[in-house]
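Colleague: coords below, sequence missing:
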């Protein structure tokens, strides 16, 4: 049986990737807020759109481009605060 250099390197790379331990355990994080902008009836942060949970992106206070906030909670849930939410820090 004949081994080439590339086959040996590939085999070593696979073995080292499988055998490497996980550096650290992931932990739940605190709530994180991300500023976004109204996009139709939802709040958009980067390419993620979330339907407004509190307030609205439509109506007299809303409109495309108005500021909104998505809050990601430690339990994995999230909520979008859109214009008219009643909390000026979030909407």
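Modeller: Here it is on my side, so go on. If you're wondering where the values come from, they're calculated on a predicted model, not measured in any experiment.

Colleague: Okay, strands next: where are they in the protein?
Modeller: For the chain, the strands defined by DSSP state E cover 32-39, 42-45, 48-51, 67-72, 78-81.

Colleague: Reformat those strands as CSV; add mean neighbour count, distance to residue 59 and mean pLDDT.
Modeller: C-betas here are computed from N, CA, C, even on glycine. Output for the strands of the chain, formatted as CSV (neighbours: other CB atoms under 10 Å; distance: least, CB to CB, whole Å; pLDDT from 0 to 100):
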stretch, mean neighbour count, distance to residue 59, mean pLDDT
strand 32-39, 16, 11, 88
strand 42-45, 21, 14, 91
strand 48-51, 14, 15, 90
strand 67-72, 20, 13, 90
strand 78-81, 20, 15, 91
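
Colleague: Would you mind giving those as a markdown table with distance to residue 88 added?
Modeller: Below are the strands of the chain laid out as a markdown table (distance: least, CB to CB, whole Å):
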| stretch | distance to residue 88 |
| --- | --- |
| strand 32-39 | 13 |
| strand 42-45 | 16 |
| strand 48-51 | 20 |
| strand 67-72 | 10 |
| strand 78-81 | 10 |
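
Colleague: nearest to residue 60, of those strands?
Modeller: strand 32-39 (12.8 Å; CB to CB).

Colleague: Settle this for me: residue 49 is touching residue 42, isn't it.
Modeller: Yes: with contact defined as CB atoms under 8 Å, residue 49 counts as touching residue 42 (4.3 Å).
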